[in-house]
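Student: next input, structure requested:
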Amino acid sequence: EPFFTTKPEDKGSGLSLSSVLGIVAAHNGAMIVRSEPGKGTSFELFFPVMEEYDLLNENTDTQSTDGSAGAQHKGEGHILLVEDEERVRTMLSKMLGRMGYEVYSCTNGGEAIDHLRENPDRYSLILSDYT
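Tutor: A predicted model of the protein is given here:
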């Protein structure tokens, strides 16, 4: 369970440290943890420098460091996005749309099921979060 917590529901939640470390490692990064009893714990995450890419830029073509055009994935088809967190839903919808997909987003599973009943053959992919 990536969002497991022992805290009450209204006292916060987040990714488990093992999930964070897995994400960092998957991006060839590193994590340094420093803890001082009575003072707290700090986490430093390091990621390799990558070519700048503006997700909000309408132009999805990039230039590589040698000046040649970088290849971008161009998708096609319809994706049903099910995500309750508005910021995540908006970001994913924009990213997928800029890649060429038609995205319809729902805030919960019930809404998605209702939409699927009305459009049973429309989607090539349903993308949903774990919780």
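
Student: by contact count, what packs against the longest helix anywhere in the chain?
Tutor: As assigned by DSSP state H, the longest helix anywhere in the chain is helix 86-98. The contact analysis (3 or more CB pairs under 8 Å, 6 or more residues apart in numbering; DSSP states H and E) places helix 86-98 against strand 78-82, strand 102-106. Quick note: C-beta positions are derived from backbone N, CA and C, even for glycine.

Student: what about residue 44, how many residues nearby?
Tutor: When neighbours are defined as other CB atoms under 10 Å, residue 44 has 9 of them.

Student: for residue 25, see how far away it is.
Tutor: Between residue 44 and residue 25 the computed distance is 15 Å (CB to CB, to the nearest Å).

Student: what of residue 47?
Tutor: Residue 47 is 11 Å from residue 25, by CB to CB.

Student: likewise residue 17?
Tutor: 12 Å.

Student: may I have stretch 75-90 as PDB, with CA atoms only?
Tutor: C-alpha atoms of stretch 75-90 as PDB (Å, rounded to 0.1, in the frame of the first residue of the first chain):
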ATOM      1  CA  GLY A  75      -0.200   8.700 -29.500                       C
ATOM      2  CA  GLU A  76      -3.700   8.200 -30.900                       C
ATOM      3  CA  GLY A  77      -6.900   6.800 -29.400                       C
ATOM      4  CA  HIS A  78      -9.100   7.600 -26.400                       C
ATOM      5  CA  ILE A  79      -8.000   7.300 -22.700                       C
ATOM      6  CA  LEU A  80     -10.400   7.400 -19.800                       C
ATOM      7  CA  LEU A  81      -8.600   9.000 -16.900                       C
ATOM      8  CA  VAL A  82      -9.900   8.300 -13.400                       C
ATOM      9  CA  GLU A  83      -8.200  10.500 -10.700                       C
ATOM     10  CA  ASP A  84      -9.700  12.100  -7.600                       C
ATOM     11  CA  GLU A  85      -7.000  14.700  -7.100                       C
ATOM     12  CA  GLU A  86      -7.600  17.700  -9.300                       C
ATOM     13  CA  ARG A  87      -4.000  18.700  -9.800                       C
ATOM     14  CA  VAL A  88      -2.900  15.200 -10.800                       C
ATOM     15  CA  ARG A  89      -5.900  14.800 -13.100                       C
ATOM     16  CA  THR A  90      -5.200  18.100 -14.800                       C
END
